[in-house]
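Engineer: Output the structure for:
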Amino acid sequence: MTTDPLVVFTPSGKRGHFPVGTPILTAARQLGVDLDSVCGGRGICSKCQISPSYGEFAKHGVTVHADALTEWNSVEERYKSKRGMLDGRRLGCQACVQGDVVIDVPPESQVHKQVVRKRAEAREITMNPSTKLFYVEVQEPDMHEPSGDLERLCTALDQQWELKNVHSDLHILSILQPALRKGEWKVTVAVNLGDKNTAPRIMHIWPGYYDGTIYGLAVDLGSTTIAAHLCDLQSGEVVASSGIMNPQIRYGEDLMSRVSYSMMNKGGAAEMTRAVREGMNALFTQITDDAGIDKGLIVDAVFVCNPVMHHLFLGIDPFELGQAPFALATSNALSLRAVDLDLTIHPAARVYLLPCIAGHVGADAAAVALSEAPDKSKELLLVVDVGTNAEILLGNTEKVLACSSPTGPAFEGAQISSGQRAAPGAIEHVTIDPVTKDPRFQVIGSDLWSDEAGFDAAIATTGITGICGSGIIEMVAEMRMAGLLDGPGLIGSAAQTGTERCFLDGRTYSYMVWDGSADGGPKITVTNRDIREIQMAKAALYSGARLLMDKFGVDKVDRIVLAGAFGAHISPKHAMVLGMIPDAPLDKVTSAGNAAGTGARIALLNTDARAEIEETVRNIHKIETAIEPRFQEHFVNASNIPNAVEPFPILRSIVTLPEINFNSGEGGAAGSGRRTRRRG
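Structural biologist: Below is the predicted model:
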């Protein structure tokens, strides 16, 4: 009895015996090997490229001879000559089994390829988008077997791709017949594969074999900024990223002011809904123009946002979110049509909104949970998504707790006298000499420090324009370490601090960072009101984290992840000096960048992740800071820099914080090591 040849696939290790003449693609499908194909094995798409291996393979118990596959054929030659193909590669649909063979499936040929490797502790994104391309050959109409073109297209999708019960929107009927006839009954179809609640749906159709791709958007709709990533739904590549200020900011810089606007102005909610949708469409136009693609090729989108943004984007009045018990209209994940949200992308495009966790912990926090996976961490992990409304997660494999803290926009440069958004010319890094009290800084757009040769030339086009969010955090922390600022948050006088940079500004003192007035530039200062804004923001942030630690029954955490649009730019040491985050070893404080945006991208590129986060959210326990008595206690203590009662022993082993208090008369040099004596 002759045994059929053995086919072994790597890296999966799957193997099986197949008759001589079996195409490698067919063998892969029968074994469940992850080998891509759009054209269904017709030698058109080239996505099923494989690398056969020859020689002795003791591990697999086979010897592969040179004639293990059929010879290179004209289809492969035509593809290689026109498009190029690596030497040694074959097309899986053309190469057929002749003997025992070992086949390697390269990453780019895998359907569920892993495309994004973040930090070592984070997971990769596995490609499994909701919408995919399928090439089919449709039976021509026959007077003896009357049926519609759509019905025969759906039959072809069933027979050739096992896609059953496929539906379509009305617009498909208007383009279907011309496409079928132009393609001579061969077409490429974009199909949204649906989920457990929805059937597959035809999104678009191209005559013949469509050699392009389709796109999706991962959007982080924040209170202050809207960030979007345009992704190739076949490769997973981020083709372009961009962001704009949220147009709703003119109705209020924080969430509650927007809720108030809605309550006090008839039609206010609808006005804000219209503004954010128009801003969104402007952003989509900008990002597709940058990438040089047609907006009509965007067939899928995933949105993450906090609950107030969630409601206003959907056209729901956020009134109930402005008062206890902060009830959401819905906390479930939503799958909607883009046209119902006035989004000008493909007319059939689908929009998925991640679930909200609770009243003020939204889909952005769910996206952070998906990206950073605290529920899969053996260490106790604190994730802080820094923004206008900070979301905080604390957990491990045992449980995950969540809360939100209304930090306001100060960390993003708003409500700060010299504050600005992160743009060229903004101060982003600062050090202050503890002896001279003079600052040196870097601005966005230049790697040089302000005291280095060539700095003036490097910033000639941008100038020095203000201080961005990460810059103000470093500035306040440096002022505290240099003895310009005391623990309660007062800037000292020139006599107290030993520098004329501290000047009387109304009833309090301010610190002169940069005076560009001689050249027509701005005076950049840090005022005591700026310090108050930062104190309020950081106290809210710390209090939320400390409250979750209380609920967990712990006084320290194993690891801290700073997330948010500018989380990547925050210095862990300065954040800890400020008292934004709990005391921890600095090497245990890392940045995840825009984790909410990463979570949105995971949900866009892998539909299995959508079910995963929906299940995870159901198991996250929400803590409502507004009704927790200890939140206010923590807030008062955390208003001090770094904290009035928490000792911060790890921080104090790294830096020396002057024991000073400027709430007294003149005298006592800052940094003298003694508190200044109060006047009697």
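Engineer: pLDDT weak spots in the stretch 51-200 of the chain?
Structural biologist: In the predicted model of the stretch 51-200 of the chain, residues 111-124 satisfy pLDDT under 70.
Engineer: roughly how far apart are the residue lying closest to Thr188 once chain neighbours are set aside and Gly216?
Structural biologist: The shortest distance from Thr188 to any non-neighbouring residue, by CB to CB, 6 or more residues apart in numbering, is to Tyr210 (3.7 Å). Using the backbone N, CA and C atoms, a C-beta is placed for each residue, glycine as well. Computed as CB to CB, to the nearest Å, the Tyr210 to Gly216 distance reads 17 Å.
Engineer: Compare these two (neighbour count), which wins?
Structural biologist: Gly216 (28 against 19; other CB atoms under 10 Å).
Engineer: hey, where'd the strands end up in the stretch 51-200 of the chain?
Structural biologist: With DSSP state E, counting those that start in this stretch as the criterion, the stretch 51-200 of the chain has strands at 55-57, 62-64, 90-91, 101-104, 114-116, 125-126, 131-137, 167-168, 186-192.
Engineer: helix or strand for Leu541, which one?
Structural biologist: Using DSSP states H and E, Leu541 maps to helix 528-552.
Engineer: what does Arg480 give?
Structural biologist: Residue-wise, Arg480 maps onto helix 469-481 under DSSP H and E.
Engineer: got the CA positions of that helix in CSV?
Structural biologist: Output of helix 469-481 as CSV, limited to C-alpha atoms (Å, rounded to 0.1, in the frame of the first residue of the first chain):
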residue,chain,number,x,y,z
GLY,A,469,1.7,69.7,28.9
SER,A,470,4.8,67.6,29.5
GLY,A,471,6.8,70.9,29.8
ILE,A,472,4.6,72.3,32.6
ILE,A,473,4.9,69.1,34.6
GLU,A,474,8.7,69.2,34.4
MET,A,475,8.7,72.9,35.1
VAL,A,476,6.7,72.7,38.3
ALA,A,477,8.7,69.7,39.5
GLU,A,478,12.0,71.4,38.8
MET,A,479,10.9,74.5,40.6
ARG,A,480,10.1,72.4,43.6
MET,A,481,13.5,70.6,43.5
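Engineer: Okay, now the sheet partners of the helix or strand harbouring Val219, with direction.
Structural biologist: In the assignment (DSSP H and E), Val219 maps to strand 215-221. Strand pairing for strand 215-221, using DSSP bridges, gives strand 225-232 (antiparallel), strand 298-305 (parallel).
Engineer: deepest of those, which one?
Structural biologist: Sort these by mean neighbour count, taking mean count of other CB atoms under 10 Å, and strand 298-305 sits at the top with a mean of 28.
Engineer: got the CA positions of it in PDB?
Structural biologist: Only the C-alpha atoms of strand 298-305 are listed here, as PDB (Å, rounded to 0.1, in the frame of the first residue of the first chain):
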ATOM      1  CA  ILE A 298     -12.600  53.300   4.400                       C
ATOM      2  CA  VAL A 299     -15.100  50.500   5.200                       C
ATOM      3  CA  ASP A 300     -14.700  50.100   8.900                       C
ATOM      4  CA  ALA A 301     -14.100  52.400  11.900                       C
ATOM      5  CA  VAL A 302     -13.600  51.900  15.700                       C
ATOM      6  CA  PHE A 303     -14.200  54.700  18.100                       C
ATOM      7  CA  VAL A 304     -13.200  55.100  21.800                       C
ATOM      8  CA  CYS A 305     -14.300  58.000  23.900                       C
END
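Engineer: OK, contacts around Leu233?
Structural biologist: Pro129, Thr131, Lys132, Thr213, Ile214, Tyr215, Gly216, Val299, Asp300, Leu604, Leu605 (CB atoms under 8 Å, 6 or more residues apart in numbering).
Engineer: check contacts around Asn197.
Structural biologist: By CB under 8 Å, 6+ apart, Asn197 lies in contact with Ser335.
Engineer: what separates it from Val589, distance-wise?
Structural biologist: As judged by CB to CB, Asn197 and Val589 stand 41 Å apart.
Engineer: on that earlier part again, chain center to the helix or strand following the helix holding Arg480: distance?
Structural biologist: Downstream of helix 469-481, the first helix or strand assigned by DSSP H and E is helix 494-497. Averaging C-alpha positions (CA atoms, centre = their mean, to the nearest Å) puts helix 494-497 45 Å from its chain's average.
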